[in-house]
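Asks: Just a sequence and a predicted model for now, questions to come.
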Amino acid sequence: MAINPKLKDELTDQLMRAVLLLKSEEECYQFFEDISTIGELKALSQRLEVARMLEARHTYDEIVARTGASTATISRVKRCLYYGADGYKIVLERLGEDR
């Protein structure tokens with residue numbers, strides 16, 4: 001799938017290259033703690049868990065109870081799973097392979 005031209009620019013390319021340079025979970029924690037707020041990082045983590053639970057066919061009520069995500073967030077993530085760039089699907093598949 002082609003990269004969304006609204007996202008692609010020199011600064012975003014640099015960020016993506018920086019993420020690819022990280023070599024461990026510890027390095028990821030260090031980088032993301034510096035580059036984002038705790039709230040932003042928690043929100044990203046929450047969305048990934050929402051995506052995982054949607055893929056596993058959990059109900060909205062179960063997802064809200066586990067993650068605390070709003071139904072609007074769950075709906076947004078669901079829309080990305082079905083109509084997005086397949087980023088969630090790539091990561092969830094690879095996370096499943098690691099287990």
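Replies: Great, that's in hand.

Asks: Pull up the gap between the residue nearest to the spatial centre of the chain and residue 10, please.
Replies: The residue lying closest to the centre of the chain (CA atoms, centre = their mean) is residue 48, at 4.3 Å. Counting by CB to CB, to the nearest Å, the gap from residue 48 to residue 10 is 27 Å. For the C-beta atoms, the positions are set from N, CA and C on the backbone; glycine is no exception.

Asks: what do you get for residue 98?
Replies: Residue 98 is 32 Å from residue 10, by CB to CB.

Asks: who's in contact with residue 65?
Replies: Residues near residue 65 by CB atoms under 8 Å, 6 or more residues apart in numbering: none.

Asks: buried ones in the strand or helix carrying it?
Replies: Counting by DSSP states H and E, the element that carries residue 65 is helix 60-67. Under the neighbour-count criterion of 16 or more other CB atoms under 10 Å, helix 60-67 has 63-64, 67 buried.

Asks: Around residue 31, how many other residues sit close by?
Replies: 14 (other CB atoms under 10 Å).

Asks: Hmm, I typed the wrong one, I wanted residue 15.
Replies: Neighbour count of residue 15, defined by other CB under 10 Å: 11.

Asks: Can you tell me how far residue 55 is from residue 87?
Replies: Residue 55 is 13 Å from residue 87, by CB to CB.

Asks: ok, those two, which is more surrounded?
Replies: Neighbour count, other CB under 10 Å: between residue 55 and residue 87, residue 55 has more, with 15 against 12.

Asks: Contacts only, for that one.
Replies: 81, 88-89, 92.

Asks: The same query, at a cut-off of 6 Å, please.
Replies: By CB atoms under 6 Å, 6 or more residues apart in numbering, the contact set of residue 55 is residue 92.

Asks: Now do the SS call for residue 7.
Replies: At residue 7 the chain is in coil, as set by DSSP: H, G, I helix; E, B strand; the rest coil.
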